[in-house]
Structure formats: structure tokens, C-alpha cells
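*Asks:* okay, predicted coordinates and the sequence, questions at the end:
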Amino acid sequence: MPDRIPDDLIALIDRFARIGATPGGGVRRLTGSAEDGAARALFADLAQARGARVAVDPVGNMFATFLTAPDATTTVLCGSHLDSQPTGGRFDGALGVLAALDGAAALFAQGIDAEHNLTVVNWTNEEGARFQPSLTGSSVFCGKYSADFALGLTDRAGVTMGDALGQIGWLGTGTPGLTPVHHLELHVEQGSVLEDSGVQIGAVTASWGVRKLTLAFTGAPSHTGPTAMHKRRDALRAAALAITRFHDRMQGETAQLHWSAARIVAEPDSPNVVAARVTVWFEIRNPDQQICTEVGDRFLRAIAADIDALGCGIEVVTDEARPGTALDPAGVRLTLEVCETLGLRATEMRTITGHDALALAAVMPSTLVFVPSVGGLSHCEDELTLPDDLRNGGAVIRETLRRLACPAEDAARARTDSG
Ligand SMILES: [Zn+2]
């Protein structure tokens, strides 16, 4: 029989939600902030108290390893992130780390006869709220970015991620010291597919593709008073026009799209100076990345003449194509089997959001599991996952971890089940 649903996961989540708590019930734990430091310290303390050895790598990724197979050189990674958006939800990321900690610690305490060890991970700067790009720690771990690149990322105040993490004391030199064989992550859905269909668990098969396009609109600085209107080259006016056109175009496309223009930086950012340079962060998402590329190209062609007519230019600052990433099919099957054992309704689904599990999928079998988000809300204080769903997710993670750590036992069970 699978183990009983863990009792203390909810208490664990509540405890972390107090770190960086916002008035509206969310959390603010930006990477490298004092709150991030406090959450990291509590995670390390709790993991060590439960018998894990904790290592921190050069970009602050934290690895808490439970030696469930002391003679083995392999481990199963399971985790997510403790950083948050500026007014983020309390479950986004934290649920994945804490369900992993709760599950791995319980299996270790039971003394399971495992072939692999279990390593709970807190990936650095998943959100990309303070330092861009997002998925920073997991991408360094996978070799997509160098540690130097990640540590050199700067926030709006010019502080580097390296300095910020150093200041709170979470730059290390360690690694898990074991070969990872699988990565498992539990996350809140952040959409409403599960809630709308009354399904309790999502087994994620792949992600949507995304095009992240950062454009700088360039004009010229001048006094907002005396400068003749026809002589102004107003970059903010150009950006406003482009943003409006962007929404109109995306609305009119036939493909199933999710899109945003969510961040804007004006320079010199003075009420008395016509903006000389305005940077806008655009995103276009579709299951097929090629569609995102085509739609984005059409948008760029459509605005070129109008921006030019305003006397402004367009500079492509970054243009990142992230194709939809496929997750491990065996992991999807395993998730569905575990849900069947636990009596939970589960479905295969795609994710529209980015996750560390997607970065990890480039280098090892990676599995992503969703629990419902009430109203599909996230990246806000109203983000909510109900206690039963949190417990269900915790139970799925614990049982999946057990089967991943004990593959021979799992195979024997499968033979018995089918025989
Ligand atoms: Zn997250």
C-alpha cells in the first residue's frame, strides 16, 4: 500500500508563506533579497534536521540529499524554486520544494531499500523577476548558461546576481556529488484546465512554445515644453503605438495564442524629457513555436513604417525562441499510474508556463506534475491551491519519488499488477 498522505505539508507551506508575506496574502521573495536568504536558511535547517546533507553550487542552487542508497552514486532530483514574483503567490515554487522535502524526508525516515538517493533542490531565480532571464539556476546546472553569465546578470539598480547572492551568503562551491538519473517537479497549474475539468492531477507532456521579443524604440531626448511637436522623436509614443498594434494583431490572428507586453522601461524617465529610448518586453505563446515566430515576424513588419513615420527606430534587444519542450514519456506514464494507485483523477496536459523541469529535460528524464490553481490565477497575491489539492500533490510526489528511487520494486509491482 502507498504511504498515507503527509500531514505536515500544509504546515510547512504556511511556515514559508510567512517569509516575505505581503498584506494581500502573497509573498515577495526576490532572488538575492533578505527574504530569499531567510527562506533558504529555513529550507537548509529543515532538510538537515531531517537528515539531509546540504550543498550549494556556484549560482546558489541548493541540493539537500537524503542518502536513501548510501552505496549508490546516483540520485533522483526533486524540487522547484523558493523565489517569487514581486507580489507572488505562496504556492508557486514553494509547493514543489516543500512537497519534495516532505516526501523525500519521509521515505528516508522509513528506511526504504532504494537504488538511488534522493536530492531535494531549490533552483535559483526561476521566476526571473529581479534578474532576467528566468530559469537561471536550472539552466546553469544543465550547461545552457555559464555560471559567470548568471552571476553577472544585473537588476534595475545595477546589482549583479552574484553580489546579491553573496550578500545573503548563498554562493557555494558544491554540487550534489551524485549523478542525477531523473528530475521531478510538482507545481501549481497557474491556469484553469484542471479546475474546469474537475481533474485533480495534471501529468505534463510538453510545454507550449514561446517567442520572447524585447524591442527598444529609439527617439531623441528633448524638452517636453518648448520642443516643436513636429521635431519630436518620441520613443514612448512609438512604444505605445507598437503595444496597441501588437494587441490588435494578436487578437486578430487565427492561431490559439497567449501574448503579453508586460514590462516597459523608459529613458531618461523624466516627466520633462521626451523619451529617447523605450524598451518593451513582448511575449507570444502557442503549442507550436514556429507559429510564434511567424506571428511575431508579421507584427514586426506591420509596425515598421509607422514607427519610422514617428521619426523613431526599432532595435531588437533580445529575440528568444523557446520551442515547446517534451517531458519524459515514461515519467508521464508513471505519474498516471501513481494517481491510479492513489485513487486520484489525472490527465495528460501541456504547460503554457516555463518551469525548471523543462530546463532539466534537456539533459535528463524530467517529469512535471500539476495541481489545480483556483480560478487559474498566479503571479499575484490571490493565487490559491486548496488544501486537499496540496495534499494530493504531496502524496503523488512521495509515491513517485519512491518508485523512481526503487525502480526494481516498481517493475516487480508492475509485473504483479499485469499478471
Ligand atoms: Zn513557479
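*Replies:* Arrived safely, thanks for sending.
*Asks:* phi first, then psi, for Asp163.
*Replies:* phi -60, psi -40 (degrees, to the nearest 10).
*Asks:* please renumber so the chain begins at 35
*Replies:* With the count now opening at 35, the last piece we talked about shows up as Asp197.
*Asks:* next one: the residue nearest to it when sequence neighbours are not counted from the ion, what distance?
*Replies:* Distance criterion CB to CB, 6 or more residues apart in numbering; nearest residue to Asp197, sequence neighbours excluded, is Gly66 at 7.9 Å. In this view, the C-beta of every residue, glycine as well, is placed from N, C-alpha and C. Distance of Gly66 to the ion, computed by CB to the ion, to the nearest Å: 17 Å.
*Asks:* show me the contacts for Gly66.
*Replies:* Applying CB atoms under 8 Å, 6 or more residues apart in numbering to Gly66 gives the contacts Gly94, Asn159, Arg164, Phe165, Val193, Met195, Asp197, Ala198, Leu199, Gln201, Ile202, Trp204.
*Asks:* if I read this right, Ala254 contacts Val308, doesn't it?
*Replies:* Yes - the pair Ala254 / Val308 is scored as a contact, 7.3 Å apart, by CB atoms under 8 Å.
*Asks:* list residues touching both of these two?
*Replies:* The contact lists of Ala254 and Val308 share Arg266, Arg267, where a contact means CB under 8 Å, 6+ apart.
*Asks:* alongside the ion, which residues does the protein contribute?
*Replies:* Residues of the chain found near the ion (CB under 5 Å from the ion) are Asp126, Gly127.
*Asks:* what's the local residue count around the residue of the stretch 185-334 of the chain found nearest the ion?
*Replies:* Proximity of the stretch 185-334 of the chain to the ion (CB to the ion) peaks at His221, 5.7 Å away. Using other CB atoms under 10 Å, His221 has 29 neighbouring residues.
*Asks:* so it sits in a helix?
*Replies:* No - His221: not assigned to a helix; according to DSSP: H, G, I helix; E, B strand; the rest coil it is strand.
*Asks:* OK, contacts around it?
*Replies:* Per CB under 8 Å, 6+ apart, neighbours of His221: Ser114, Asp126, Gly127, Leu129, Gly130, His389, Ala391, Leu402, Val403, Phe404, Val405.
*Asks:* hmm, Val154 and the first one touching each other?
*Replies:* No - counting by CB under 8 Å, no contact exists between Ser114 and Val154, whose distance comes to 9.7 Å.
*Asks:* what about the two, which has more around it?
*Replies:* For Ser114 and Val154, the more surrounded residue by other CB under 10 Å is Val154, and the numbers stand at 31 against 28.
*Asks:* which SS state does the more buried one fall under?
*Replies:* strand.
*Asks:* so it bridges to which residues?
*Replies:* Taking DSSP bridges as the rule, Val154 bridges to Ala98, Cys112.
*Asks:* residues touching it, list them.
*Replies:* Ala81, Ala86, Phe97, Ala98, Thr99, Phe100, Cys112, Gly113, Val131, Ala134, Leu135, Ala138.
*Asks:* and the contacts of Gly66 as a markdown table, adding secondary structure, pLDDT and neighbour count?
*Replies:* Shown next, in a markdown table, are the contacts of Gly66 (DSSP: H, G, I helix; E, B strand; the rest coil; pLDDT from 0 to 100; neighbours: other CB atoms under 10 Å):
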| residue | secondary structure | pLDDT | neighbour count |
| --- | --- | --- | --- |
| Gly94 | coil | 98 | 31 |
| Asn159 | coil | 98 | 31 |
| Arg164 | coil | 97 | 23 |
| Phe165 | coil | 97 | 27 |
| Val193 | coil | 98 | 15 |
| Met195 | helix | 98 | 25 |
| Asp197 | helix | 98 | 15 |
| Ala198 | helix | 98 | 26 |
| Leu199 | helix | 98 | 27 |
| Gln201 | helix | 98 | 14 |
| Ile202 | coil | 98 | 18 |
| Trp204 | coil | 98 | 22 |
